[in-house]
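Engineer: What follows is a predicted structure for the sequence shown.
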Amino acid sequence: MIKNISNLGDAALYCDFGSEVNKEINSKVIRYFKSIQKENFDGVNNLTPSYNKLIISFDLRKKNFQTIKKLIENLNVTNDDELKTNRIKIPVCCDENFSLDIKRLEEKLKISRDKIYEKFFGKEFFCYMTGFIAGMPFLGDLENDLQAKRLETPRVKVPKGSVGLTEQFANVYTFESPGGWNIIGNTPKVIFDSTKENNPNLINPGDVVIFEQINKDQYYNINE
Amino acid sequence: MNKNYFEIKRAGINTTFQDQGRSNLYHIGIPFSGAMDNRNFQISNKLVGNEVNFPTIEFAFQGPLLKYFGENINFAITGDVKFIIRKKSNAIEGNCYQSFTLENGDELDIISTNKSVYGYLAVSGEFEVNYQWSSCSVNTKANIGANNGKKIEDGQKIYISNINKNLSDKKLNYINTKIENIRVIQGTNFDYFSDEGKKIIFEKEFVISKLSDRMGMRLEGPKIENIVDTNIKSEGLLKGVIQVPADGNPIIMLSDHGTIGGYPKIGVVISADYDKLVQLTPGSKIKFKKVELADAETLFKLYDLETQNLISQI
C-alpha cells in the first residue's frame, strides 16, 4: 500500500502513499499510523500522518533506516473496521467580530455570505490530520464553489478558536497563531486541552466533524 | 522546612526550563522541544551530580540574574558563557564546565553567551517544576511544560528541592568547537529545485537571519529557485529539515517547530551536527556540505560516543 519508502534525513522514514488528497489514501495512512502505534516499536519516537504521507521518526541510538524499514515492510496492518472514529459537532458563531474574512470570501467566491454559511454548516467533514500547532484539525472537503486561496498577506495573529477555510480544507485555530486562512467564525469549544494527557485533542484523524451555527448569546453561554 | 529558591532579578531574553523533551506527540501537533544543545544540557547535569536528563534552565544570548536563598547548593553552567558569582564580600568570574557553590544571599549573574546562542544552568537538586507528557520542557506556543508553559519572568521565584548534601567539585576540560560546514542529506523534494538551486545550496554561503528562534532558523543569501511547485501537500516535519518557501530563502526547522508544513524540503541537517547548528548566531555565515545516509549514521555514532565519553569523564 505504501508506494515508496525513503529516508528523510538520518533518523526518519518517509512513507509515500501517493500524491492526491482524498479520503481513501488518507485512510490508508491512518491505518498504518494506528498499526504502528499499537506495535509500540522500541526506538520509534514519533509518527506524523498527513494527507498522503507518513513520517516515522526514530532514535538513531537504537535503530537506523534499514532496521525500521524492515519493520514497516513486515507490518501487520489494521483492517478498516477496527478503526474507531467519532462524530463531533463544533458550534461556530459568525458574528461580525468573528467572521474576519467573510467579505473577502463574498468577493472572491462571488456568492453571498448566507449562501457560504448554507453550504458550510451541517455538512460532514473528514479529519485528514492534526498538527502544525497543537490539536489543529485539517478537515475536508469543501465544495468547489467555497474554495478560495489563502490571504495574500497572512495575519500576524489569528484569534484562538477561529474557523478558517482555504482551498478544499477547513480548520480551527487551537491557539492564537500567525496564519493565512480565510476566517468565517469562531468556536467557544476547547479543541485542544493539554491537561488531558491521554487524549488532548477533541478531533483526531479519521473523525467526522459537523459545524453548527450559533448566535452570540449561545456563544457566550458555552463556557469552556 | 526552609525553602530553597532563586529569585529572578532579571529573566534574560529567552530563559526556559528544558530537559530531554517529549516524544510520540507529533501526530497531535506537539514537537519534541527539549534542550536545543543536547550535549551541553547533559554535561551540565552531570557536573552537579544529577541524572543527565534532569530539568535545567536554558538561556539564549543574555542569561538570567538570579539571587539564591537557602542551604548551600552546587551549580554548573555549560556552553560558552560569561557569568559572575557575587558574594557578600567579593565577586568571582565563573568558568563553564566547572561546578561552583552558592550560599544563602549569593547572586549568579549570567551575563551573556559568547559567539554562541544557548547555555545551560544545572543545580545539585531538583527544580520544582510540573511535567507534561513526562517532560518539563517549555513549549511557549502551546503553553505546555514547566512554569505554565511560559518563559521565566522577572521577579518570579524558582524553588529547588532535594538538594544533594554531598557536594563535591567537578570539572571537565572541554571547549565547544565550531565545525566548518553543516552536513546535510538531500531532502525528499530535492528535484523541485533548478540545477542552479541544487548547486547553490551546497556551494554558497548563507547568513543566519535575526528572525531565528527555538522554532526555526531563517537564512538569507542567494535565492534557491523552485521549478516545480513552491507548495507541497502539507506533511510532517522534523528538526533539521530545510524548507524553501516561494521567496527562495531556506528555513531550518528547530526543536519547537510546527509539526506539519507545506514547503518543499531541499535537505535535512544530519543528527550529528544539530547541537552545533543551533549554536550559530544570527549574522554569522553557514555553509552546507552534502553527505550520504551511511556517512550520517557513522558520524552520529562518533558524535554520540564522544558525548558519552565526556560525560563519563566527569
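Structural biologist: Cool, the structure landed.
Engineer: domain ranges for chain B?
Structural biologist: Here the domain assignment for chain B is B:4-161, B:182-313, based on automatic domain parsing.
Engineer: Identify the residue spatially nearest to the residue of chain A positioned farthest from its centre, adjacent ones excluded.
Structural biologist: In chain A, counting by C-alpha atoms, centre = their mean, A:R61 sits farthest out from the average C-alpha position, at 31.5 Å. Among residues not flanking A:R61 along the chain, B:D304 sits closest, at 6.1 Å (C-beta to C-beta, 6 or more residues apart in numbering or on different chains). The way it works is simple: take the backbone N, C-alpha and C, and place the C-beta from them, glycine included.
Engineer: which helices and strands does the one helix or strand the one you found maps to pack with?
Structural biologist: Using DSSP states H and E, B:D304 maps to helix B:293-313. Where contact means 3 or more C-beta pairs under 8 Å, 6 or more residues apart in numbering or on different chains; DSSP states H and E, helix B:293-313 is packed against helix B:38-47, strand B:182-186.
Engineer: Let's see that helix as PDB, backbone CA atoms only.
Structural biologist: Output in PDB follows, covering the C-alpha atoms of helix B:293-313 (Å, rounded to 0.1, in the frame of the first residue of the first chain):
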ATOM      1  CA  LEU B 293      22.900   8.400   4.700                       C
ATOM      2  CA  ALA B 294      25.600   5.900   5.600                       C
ATOM      3  CA  ASP B 295      28.100   8.700   6.400                       C
ATOM      4  CA  ALA B 296      25.500  10.500   8.500                       C
ATOM      5  CA  GLU B 297      24.800   7.300  10.600                       C
ATOM      6  CA  THR B 298      28.600   6.800  11.200                       C
ATOM      7  CA  LEU B 299      29.100  10.500  12.100                       C
ATOM      8  CA  PHE B 300      26.200  10.300  14.600                       C
ATOM      9  CA  LYS B 301      27.700   7.200  16.200                       C
ATOM     10  CA  LEU B 302      31.000   9.000  16.600                       C
ATOM     11  CA  TYR B 303      29.400  12.200  18.000                       C
ATOM     12  CA  ASP B 304      27.300  10.200  20.500                       C
ATOM     13  CA  LEU B 305      30.300   8.200  21.600                       C
ATOM     14  CA  GLU B 306      32.200  11.400  22.100                       C
ATOM     15  CA  THR B 307      29.300  12.800  24.200                       C
ATOM     16  CA  GLN B 308      29.200   9.600  26.300                       C
ATOM     17  CA  ASN B 309      33.000   9.800  26.800                       C
ATOM     18  CA  LEU B 310      32.800  13.400  28.000                       C
ATOM     19  CA  ILE B 311      30.000  12.500  30.400                       C
ATOM     20  CA  SER B 312      31.900   9.500  31.800                       C
ATOM     21  CA  GLN B 313      35.000  11.700  32.400                       C
END
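Engineer: can you list contacts of it?
Structural biologist: Here helix B:293-313 makes contact (C-beta atoms under 8 Å, 6 or more residues apart in numbering or on different chains) with A:7, A:9-10, A:60-61, A:64-65, B:38-39, B:42-43, B:46, B:52, B:172, B:174, B:183, B:185, B:270-273, B:291.
Engineer: mind redoing it with 10 Å?
Structural biologist: A:6-7, A:9-11, A:60-61, A:64-66, B:38-40, B:42-43, B:45-47, B:52, B:97, B:170-174, B:183-186, B:268-276, B:291-292 (C-beta atoms under 10 Å, 6 or more residues apart in numbering or on different chains).
Engineer: are any of the residues you listed buried, and which?
Structural biologist: By neighbour count, with 16 or more other C-beta atoms under 10 Å in any protein chain shown, those hold A:7, A:9-11, A:60, A:64-65, B:38-40, B:42-43, B:45-47, B:52, B:97, B:170, B:172, B:183-186, B:268-276, B:291 as buried.
Engineer: Report the central residue of chain B.
Structural biologist: Nearest to chain B centroid, counting by C-alpha atoms, centre = their mean: B:M36, 1.9 Å.
Engineer: does that residue really touch B:V117, like I thought?
Structural biologist: Yes. At 7.5 Å, B:M36 counts as touching B:V117 under the criterion of C-beta atoms under 10 Å.
Engineer: residue boundaries of the helices in chain A?
Structural biologist: A:23-39, A:65-73, A:102-109, A:113-120, A:216-221 (DSSP state H).
Engineer: Reformat those as JSON lines; add distance to chain B and mean pLDDT.
Structural biologist: As requested, the helices of chain A are arranged in JSON lines below (distance: least, C-beta to the nearest C-beta, whole Å; pLDDT from 0 to 100):
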{"stretch": "helix A:23-39", "distance to chain B": "7", "mean pLDDT": "93"}
{"stretch": "helix A:65-73", "distance to chain B": "6", "mean pLDDT": "97"}
{"stretch": "helix A:102-109", "distance to chain B": "18", "mean pLDDT": "96"}
{"stretch": "helix A:113-120", "distance to chain B": "21", "mean pLDDT": "96"}
{"stretch": "helix A:216-221", "distance to chain B": "23", "mean pLDDT": "95"}
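Engineer: of all those, which lies closest to A:E152?
Structural biologist: With C-beta to C-beta as the measure, helix A:102-109 is the member of the helices of chain A nearest A:E152 (9.9 Å).
Engineer: Please list the outside residues in contact with the closest one.
Structural biologist: So helix A:102-109 is in contact with A:94, A:96, A:99, A:101, A:111-117, A:119, A:145-149, A:151-152, A:165, A:182-185, going by C-beta under 10 Å, 6+ apart.
Engineer: which of those residues are buried?
Structural biologist: Applying the neighbour count, that is 16+ other C-beta under 10 Å, the buried entries in the contacts of helix A:102-109 are A:94, A:99, A:101, A:116-117, A:146, A:148, A:151, A:165, A:182-185.
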